[in-house]
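Peer 1: Next comes the sequence, and after it the predicted model I'd like to discuss.
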Amino acid sequence: MPHEAIIKIKNLCKSYELGDDKKVDILKDVNLEIDATDFCVIVGPSGCGKSTLLHHIVGLEIPTSGSIKVRGTNITKLKTEERSIFRAQKFGMVYQTPYWAKALSVWENVALPLLIDGYKERDAKQIALNSLREIEMDGYADKSPMVLSGGEQQRIGLARALVNNPWIIIADEPTGNLDTHSANLVIETLKNLNKKSKRTIIMVTHNLAYLPLATREVTMKDGQIVSSGDEAVKRQIQNELRGVI
């Protein structure tokens, strides 16, 4: 029985006006469906539109044309505040560089989105500890994030992304600043979140070594998704990426 797509992107285009009647096309007629069980890996050269696509999926940007539906909600039709609430409730986001409130402990940083949302400190702490426990990082709860390694900080970032119990984890180059060992730990955590916790993972990366993890592989070039049958173009892009890894 086929899975029902939870993200449906149709004819997505994004252009920026540069003045003097000039514009630059960043996304060009992107069509993509992602299932609830997917570990979607998006690869492509720098500037091809990968991160811009992620920003549209979570509603940080609005397309020039086209639509994005997340579990039936067309987020391109939501107002700015509605998109912000939807994003906070449905998505967990992990970036290449995590940012911390330096005066707060690990659990306090993880709980911060809940405290901002009005949770009582006792309840927020328990949820944060549960989130840390899910990725086997609860032993670091009382430490300062600033004394942790890059890999440990990125895994704490994953705990913060999980604190609102989101459906979907968005990871934009989550291993870009990490050594191989730390990167592998982060990827293993993402894999477990997909397989064991049944989270949808959408990850942008330059590292072709992670492609075998993908249940859905997306290759981008010049703002477009390379069609599944265009293997020559995919090989060319992969060769380019191997040159920069």
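Peer 2: Right, received. Where do you want to start? Nothing here was measured: the structure is a model prediction, and the numbers come from that model.

Peer 1: So for the spatially most central residue of the chain, what's the nearest residue that isn't a sequence neighbour?
Peer 2: For the chain, the residue nearest the mean C-alpha position is Ile170 (1.6 Å; CA atoms, centre = their mean). Residue nearest to Ile170 in three dimensions, not counting chain neighbours: Met93, with 4.8 Å by CB to CB, 6 or more residues apart in numbering. C-betas here are computed from N, CA, C, even on glycine.

Peer 1: quick one: the one you found and Val58 touch, right?
Peer 2: Yes - with contacts defined as CB atoms under 8 Å, Met93 counts as touching Val58 at a distance of 6.7 Å.

Peer 1: where do the contact lists of these two overlap?
Peer 2: Overlap of the contact sets of Met93 and Val58 (by CB atoms under 8 Å, 6 or more residues apart in numbering) consists of 87, 170.

Peer 1: of these two, who's got more company?
Peer 2: When neighbours are counted by other CB atoms under 10 Å, Met93 and Val58 differ, and Val58 comes out ahead with 22 against 18.

Peer 1: Got phi/psi on the more buried one?
Peer 2: Main-chain torsions, Val58, degrees, to the nearest 10: phi -90, psi 0.

Peer 1: Adjust the sequence numbering to begin at 135 for everything that follows.
Peer 2: All set: I'll call the first residue 135, so the last point we hit is now Val192.

Peer 1: quick revisit: assign the residue nearest to the centre of the chain to helix, strand or coil.
Peer 2: At Ile304, secondary structure determined by DSSP: H, G, I helix; E, B strand; the rest coil is strand.

Peer 1: I figured it hits Arg221, correct?
Peer 2: No - Ile304 is not in contact with Arg221 according to CB under 8 Å; the separation is 9.4 Å.

Peer 1: what is in contact with the two at once?
Peer 2: Shared contacts of Ile304 and Arg221, counting by CB under 8 Å, 6+ apart, come down to 192, 227.
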